[in-house]
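Participant: Output the structure for:
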Amino acid sequence: MQIGDQVRFLNEVGGGKITGFQGKNIVLIEDEDGFDIPMLRSQVVVVETNANNFVVKKKPEAPSPRVRYLEDNVDDDPSERPMSYQAKAKERKGGDALNVFLAFVPLNTRELSHTAFEAYLVNDSNYYACVALASAEGAQWRLRWQGVVEPNTKQLVETLEPSALNDWERLSVQVMAWKQDYAYSLLPVTSTELRLDTVKFFKLHAFRPSPFFREPALVYDIAREDQPEDEDLNSDLLSRVESQDSAEEVEDELAPLPEPVPQRTREEEREALKAAKRALKEEMRAQREKEHTQRDPHFSKPNHIPAKDEIIEVDLHIHALLDHTEGLSDSVLLNTQLTEFRIMMDRNMKKKGQRIVFIHGKGEGVLRDAIIKELQHRYRSCTYEDASFQKYGFGATMVTIR
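Facilitator: Take a look at the predicted model:
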């Protein structure tokens with residue numbers, strides 16, 4: 001097939017001219033109204049063309065009297081009748097076991113806190129899979145997508161904004177599988193319930209390479225090797241979670257409403273910062289005493305020598321340090337993060353060669369600039385560089401103790 005060839009459809013009435021291709025299997029056909037229609041290669045047949053890619057117009061032959069009689073007495077044109085033949089779908093070697101996955105792919109891995117996510121159903125088998133995907137709404141369910149996923153393909157289900165992830169926390173996926181043109185083993189209809197950890201969607205290391213996508217993806221098993229993924233375990237877990245949620249709802253209804261958290265004054269913020277510094281000094285003193293008791297009597301330095309590939313990861317995101325941030329100003333939050341940075345630096349200053357990765361996020365770069373300033377003035381002997389982009393993106397700095 002070439003651009004410009006005239007084609008007609010096998011299973012539908014009509015045809016047109018080829019204007020382009022999408023991938024290896026999709027042909028764009030321009031119909032008589034000027035619209036491009038995507039069709040599978042197997043569903044079109046090329047009308048005869050010459051070397052210059054122009055349609056060869058054959059001279060009409062004078063019909064015989066019998067043909068004229070038949071044309072006068074038959075209402076429909078045989079060429080306009082729908083074709084009943086369709087080529088069999090090719091089967092992939094090693095695809096006779098049912099494998100179905102639910103995958104999430106971020107549109108922008110550099111800004112996971114703001115980007116949208118594409119949800120896909122992946123059918124990695126020679127079966128046709130009729131899938132019904134639903135999300136929980138209390139004790140009821142809402143259908144998100146239903147349809148047939150063809151063999152060895154993936155189907156885009158929905159594009160999710162970060163604010164919509166909570167609606168997908170509890171999912172139900174029902175799958176019925178069959179083969180269309182080949183003999184197959186009868187598989188039971190499966191129903192799997194999943195509980196998604198929405199926190200993983202904002203952590204870069206949770207998205208890993210997969211054979212189904214070019215970009216890193218978060219992949220959940222629905223059915224693997226003809227078996228649903230931990231169906232009983234998920235059902236038991238969800239029943240316990242539902243009973244716990246209902247008990248918590250009753251307690252919430254009986255409990256009084258919490259009072260609003262008052263805003264701190266500047267004096268209270270200074271006192272909170274001083275308390276954090278005192279806690280840092282106390283921890284450093286306890287650490288020195290512990291190291292002193294663990295030293296070898298034949299040497300004056302601690303025994304611990306960090307391994308070559310040993311890396312300490314420290315998450316400086318404020319939600320990883322504090323359970324509640326209501327009423328705290330930006331300066332207090334920044335000082336809390338810098339206090340944690342100093343604690344980890346002072347705790348490891350005697351471990352020469354130790355590497356520490358501080359995960360601070362990209363954001364506006366305020367925390368990163370503050371860390372660099374600390375390293376340039378307070379920890380001059382240490383070196384620093386951007387951490388691995390593949391693992392942390394642009395939001396981490398690796399410090400090496402010297």
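Participant: Can you show me the helices along the protein?
Facilitator: Taking DSSP state H, the helices of the chain run over residues 65-73, 231-254, 266-294, 318-321, 330-347, 366-377, 389-392.
Participant: If you average pLDDT over each of those, which is lowest?
Facilitator: Ranked by mean pLDDT, these bottom out at helix 231-254, which scores a mean of 46.
Participant: Quick check: the closest residue to residue 402 other than its chain neighbours vs residue 371, distance?
Facilitator: Using CB to CB, 6 or more residues apart in numbering and skipping residues adjacent in sequence, the residue nearest residue 402 is residue 381, 4.8 Å away. For every residue, glycine as well, the C-beta is placed using N, CA and C. Applying CB to CB, to the nearest Å, the value for residue 381 to residue 371 is 16 Å.
Participant: Who has more neighbours out of the two?
Facilitator: residue 371 (21 against 9; other CB atoms under 10 Å).
Participant: May I see the buried residues of stretch 218-230?
Facilitator: For stretch 218-230, burial by neighbour count (16 or more other CB atoms under 10 Å) applies to 218-219, 221-223, 226, 228-229.
Participant: What I need now is the residues you listed written out in CSV, including pLDDT and distance to residue 46 for each item.
Facilitator: Formatted as CSV, the buried residues of stretch 218-230 follow (pLDDT from 0 to 100; distance: CB to CB, whole Å):
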residue, pLDDT, distance to residue 46
218, 92, 43
219, 92, 40
221, 92, 43
222, 91, 40
223, 89, 40
226, 76, 41
228, 75, 45
229, 62, 45
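Participant: Determine the number of other residues adjacent to residue 165.
Facilitator: 16.
Participant: Now do it, the pLDDT please.
Facilitator: For residue 165, pLDDT reads 88.
Participant: how about it, what does it touch?
Facilitator: Neighbouring residues of residue 165 by CB atoms under 8 Å, 6 or more residues apart in numbering: 117, 196, 198, 201.
Participant: same thing with residue 143?
Facilitator: 132-134 are the contacts of residue 143 under CB under 8 Å, 6+ apart.
Participant: Tell me which of these fall in strands.
Facilitator: If you go by DSSP state E, the contacts of residue 143 have 132-134 in strands.
Participant: which of those residues has the most neighbours?
Facilitator: That'd be residue 133 among the ones in strands among the contacts of residue 143, by other CB under 10 Å, with 21 neighbours.
Participant: what sits opposite that one in the beta ladder?
Facilitator: residue 145, residue 173 (DSSP bridges).
Participant: State the distance from it to residue 170.
Facilitator: 12 Å.
Participant: what does residue 362 give?
Facilitator: 31 Å.
Participant: Among these two, which residue is more densely surrounded?
Facilitator: residue 170 (19 against 15).
Participant: Quick check: closest non-adjacent residue to that one.
Facilitator: In space, residue 170 is closest to residue 136, 3.8 Å off (CB to CB, 6+ apart).
Participant: Quick check: which ranges of the stretch 101-250 of the chain have low pLDDT?
Facilitator: Scanning the stretch 101-250 of the chain for pLDDT under 70 picks out the ranges 229-250.
Participant: ok, 80 please
Facilitator: For the stretch 101-250 of the chain, applying pLDDT under 80 flags the ranges 226-250.
Participant: Tell me which stretches of it form strands.
Facilitator: 117-123, 128-137, 140-149, 153-160, 170-178, 190-195, 208-210, 213-224, 227-228 (DSSP state E, counting those that start in this stretch).
Participant: just those strands: most buried one?
Facilitator: Sort the strands of the stretch 101-250 of the chain by mean neighbour count, taking mean count of other CB atoms under 10 Å, and strand 117-123 sits at the top with a mean of 22.
Participant: CA atoms only: put that one into PDB for me.
Facilitator: The C-alpha trace of strand 117-123 is given here as PDB (Å, rounded to 0.1, in the frame of the first residue of the first chain):
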ATOM      1  CA  PHE A 117      -1.500  10.300  35.000                       C
ATOM      2  CA  GLU A 118      -2.800   8.000  32.200                       C
ATOM      3  CA  ALA A 119      -4.500   4.800  33.300                       C
ATOM      4  CA  TYR A 120      -4.100   1.800  30.900                       C
ATOM      5  CA  LEU A 121      -5.400  -1.800  30.800                       C
ATOM      6  CA  VAL A 122      -2.700  -4.100  29.400                       C
ATOM      7  CA  ASN A 123      -3.700  -7.400  27.800                       C
END
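Participant: Provide the strand pairings for it, with the direction of each partner.
Facilitator: In its sheet, and by DSSP bridges, strand 117-123 pairs with strand 100-106 (antiparallel), strand 153-160 (antiparallel).
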